[in-house]
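Chemist: Generate a structure from the sequence data that follows.
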Amino acid sequence: MEESLGIMENNRFTFGFYFQTLTRVLGSPGKFFEELPDEIGLWKPFGFLLISSIFFTAMNILNIYERPVIIGGIVLVNAVAMPFITSALSYIVMTMIAGKRVTYTKLFSVFAFASGVTMLASWIPLFIWITEPWKWFLVATGMVKGCGLSWLQSILILGLSILILLLFFWSLGPVIFYIKGLGS
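Modeler: Numbers count the residues shown, from 1 in each chain. Sure thing, here's the model as predicted:
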């Protein structure tokens, strides 16, 4: 079954892998994450995430009229970095709550594939209300099917991770306003 993913053949990322993964995640996410090997590595999930992030950024730039290169760069960095950050935070929370169940690379791959798939539609205005819950559903499905967690553990880990992330960004608000005030 793992060979059908094209993951174990080699560690090279190809566009064939991208489209095959996209089709499988959209068609049967539970089965896809269930068949995800433990030793997937970082390159294929990162490549998938990067291609989706580039598409997401390109589509967002179409709606940006002021400083599109700078804003596009910020959007691209955000699109690539947030799955790394949220998966790292979730890995820490998972380790504290459920003990180490899987490697970080496998958990990251769940976040990368879920984020990459949803980015293809989330650039459309107001679709964020559909794609963001869908992304978190895909991540929870990946944590249950691919990482061996229960639905309760998965939801608890994701809830705590999101809460910690929101509190962190909320605490950055005063620092950002202070720095903005220095520039004017």
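
Chemist: Check what pLDDT the closest residue to Leu26 other than its chain neighbours gets.
Modeler: The shortest distance from Leu26 to any non-neighbouring residue, by Cβ to Cβ, 6 or more residues apart in numbering, is to Val117 (6.4 Å). All C-beta atoms are positioned from the backbone trio N, CA, C, and that covers glycine. Val117 is assigned a predicted lDDT (pLDDT) of 96.

Chemist: What's the separation between Val117 and Pro125?
Modeler: 19 Å (Cβ to Cβ, to the nearest Å).

Chemist: buried set for the longest helix belonging to the chain?
Modeler: Assignment by DSSP state H gives helix 151-183 as the longest helix of the chain. Of all the residues in helix 151-183, those buried under the rule 16 or more other Cβ atoms under 10 Å are Gln153, Ser154, Leu156, Ile157, Leu158, Leu160, Ser161.

Chemist: that older thread, how about the contacts made by the residue nearest to Leu26?
Modeler: Taking Cβ atoms under 8 Å, 6 or more residues apart in numbering, we find Val117 in contact with Leu22, Val25, Leu26, Ser52, Lys135, Leu138.

Chemist: if we go to 10 Å?
Modeler: 21-22, 24-26, 29, 32, 48-49, 52, 131, 134-135, 138 (Cβ atoms under 10 Å, 6 or more residues apart in numbering).

Chemist: Thank you kindly, that will do.
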